[in-house]
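Engineer: I would like to see how this sequence folds:
(2 chains)
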Amino acid sequence: MSEQRKAVALISGGLDSLLAARVIQDQGVHVEGINFFTGFCVEGHTHAIRKRDQNKQKRNNALWVAEQLGIKLHIEDIVDEYKQVLTNPKHGYGANLNPCLDCKVFMVRKAHEWIERKGFDFIITGEVIGQRPMSQRKETMPIVADESGASDLLLRPLCAKNLPETLPEREGWVDRQQLFDFSGRSRKPQMALAASLGFEDYAQPAGGCCFLTDEQYAVKLKDLWQARGSRDYEMDDIMLLKVGRHLRPSKAYKVIIAREEGEANFLQGYRKGFPHIKTVSHGGPLALIDGEVTDQDVQLIGRLVARYSQGRNADEVVLTYTDLAGETRELRVDPMKPHEIPKDWLI
Amino acid sequence: MKRHQIDCRRLLCPMPVIKVQNAIEDLPAGTLVEAICTDPGALNDIPAWSRINGHRLVETRTDDGEYIVVVEVVDE
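Structural biologist: Below is the predicted model:
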């Protein structure tokens, strides 16, 4: 009896990677999944933060897909290494700050390192030619294979028949005739395949899984880089970009104001790392200050935060300001009027 | 039975899962891994990860705004 071959499948949690893995499993290959956490994954975070979303299902789609397939899933933290991909993408960005092609090359490279370490034979992705405008085109398929170092150990079961034979096909580890020739943006072939394999419930087709494709998020990240004078970030930075209303009254600082209770609770966890303002006399948001502020700035920020409190129409709102050393003092301000807040403060 | 505690406070999923996964890689079978989390998503994600990777979920509980998940390491 021939040795059972082993493949690792890149599992995003979407339909394509689910199908690609199942198709290869069905050929008798032992498949395990790998999922990469860049810090920009949409899944879960906003649900965990915003109160109005807390009743939504908190399913991690990659874990769910692995469970449907009955395979192990290895989740890799690539937050630090990913900085180089995002800040200096060889192939540039998509519509926003999404370095999709460099991202795919990077993930396949990590998967290639993983199979070498773990003694697996090849890599599977759910890529389909023409599915994505930047990273999944006929011209980019060889780029991903070559630049990742995976070369012909990279098999795309859903469009393999449109591509040159890979090692797993040539060696007979998988039967090319049972693979597919999907191409283009239509999701119908995948949906038909899902139905034929008995999958009725799956995450909606890809595209919305990364904050870097989100225009608003990209604007906030660019603002962060501009204000700091360098294209760097820490995990806390990219988390905070997902939360609250961000206003920049000055190049020297910005203010992050919670929009609701869930966000306020989340921002509470960051209080020790940032100067912050709380509303005392009325119901109101917690606001973090990111940057350096003068006493005059603090007064202005107090007026701004009061504008977003329940005391917005009062003559005076009382707040507390706590600096980085933990010293707290009281502020008494008249809330800003809407016309006093320039539109370009809102990031 | 040895108990190994992991502080996952303030971490959002999937980071608590990753911390549990990485800890388990170096721990002997039978060890109890207790993850203390503030993201309620951990109550779903750590048990799901444990199921698919063959480890045994011992307990999930909520304690004063924190979510605690206990997993027993099982040998492959």
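Engineer: quick one: pLDDT of the residue of chain B positioned farthest from its centre?
Structural biologist: Within chain B, the residue lying farthest from the chain centre (CA atoms, centre = their mean) is residue B:64, at 17.9 Å. At residue B:64, the model reports a pLDDT of 85.
Engineer: burial of residue B:65, as a residue count?
Structural biologist: Residues lying near residue B:65 (other CB atoms under 10 Å in any protein chain shown) number 8. (C-beta placed from N, C-alpha, C; glycine too.)
Engineer: Which pLDDT value goes with the residue nearest to it when sequence neighbours are not counted?
Structural biologist: Of all residues not flanking residue B:65 in the chain, residue B:38 sits nearest, at 7.2 Å (CB to CB, 6 or more residues apart in numbering or on different chains). pLDDT recorded at residue B:38 is 86.
Engineer: and what of residue A:176?
Structural biologist: pLDDT recorded at residue A:176 is 98.
Engineer: ok so, going back, phi and psi next, for the residue farthest from the centre of chain B.
Structural biologist: Here the main-chain torsion angles of residue B:64 (degrees, to the nearest 10) amount to phi 50, psi 50.
Engineer: From chain A, how far out is it?
Structural biologist: 14 Å (CB to the nearest CB, to the nearest Å).
Engineer: one step back: surely the residue nearest to residue B:65 meets residue B:67?
Structural biologist: Yes - because the distance of 7.0 Å satisfies CB atoms under 8 Å, residue B:38 is recorded as touching residue B:67.
Engineer: between these two, which one's more packed in?
Structural biologist: Neighbours were counted for residue B:38 and for residue B:67 using other CB under 10 Å; residue B:67 has more, 21 against 18.
Engineer: ok, and what's touching whichever strand or helix holds residue A:106?
Structural biologist: Using DSSP states H and E, residue A:106 sits in helix A:100-118. Contacts with helix A:100-118, where a contact means CB atoms under 8 Å, 6 or more residues apart in numbering or on different chains, come from A:8, A:10, A:34, A:36, A:38, A:74, A:76, A:78, A:81-82, A:85, A:89-91, A:94, A:120-123, A:125, A:127, A:132, A:134-135, A:140, A:143-145, A:147-150, A:153-154.
Engineer: Following the chain past that helix, name the next helix or strand.
Structural biologist: Immediately after helix A:100-118, counting by DSSP H and E, sits strand A:122-124.
Engineer: For whichever helix or strand comes after that following strand, buried residues please.
Structural biologist: Where DSSP H and E defines the elements, the next helix or strand beyond strand A:122-124 is helix A:140-148. Neighbour counts over helix A:140-148 (16 or more other CB atoms under 10 Å in any protein chain shown) mark A:140, A:141, A:143, A:144, A:145, A:147, A:148 as buried.
Engineer: tell me the angle helix A:140-148 makes with helix A:100-118.
Structural biologist: Following axes from the mean of the first three to the mean of the last three CA atoms, to 10 degrees, one obtains 50 degrees for the angle between helix A:140-148 and helix A:100-118.
Engineer: What residues does chain B have near chain A?
Structural biologist: Proximity of chain B to chain A, by CB under 8 Å from any CB of the partner chain, involves residues B:9-10, B:12-15, B:17-18, B:21-22, B:38-41, B:44-45, B:48-49, B:51-54.
Engineer: any weak-confidence spans in chain B?
Structural biologist: Of all residues in chain B, none has pLDDT under 70.
Engineer: The residue of the stretch 151-300 of chain A found nearest chain B: neighbouring residues, count only.
Structural biologist: Ranked by CB to the nearest CB, the top residue of the stretch 151-300 of chain A for proximity to chain B is residue A:269, at 4.7 Å. The local packing of residue A:269 (other CB under 10 Å) involves 13 other residues.
Engineer: Can you report how many residues lie near the closest residue to it other than its chain neighbours?
Structural biologist: Nearest residue to residue A:269 in three dimensions, chain neighbours excluded: residue B:10, at 4.7 Å (CB to CB, 6+ apart). Residue B:10 has 15 neighbours, counted by other CB under 10 Å.
Engineer: how about the helices in chain A?
Structural biologist: A:15-25, A:45-49, A:61-69, A:79-87, A:100-118, A:140-148, A:167-170, A:188-196, A:215-228, A:235-240, A:261-268, A:295-307 (DSSP state H).
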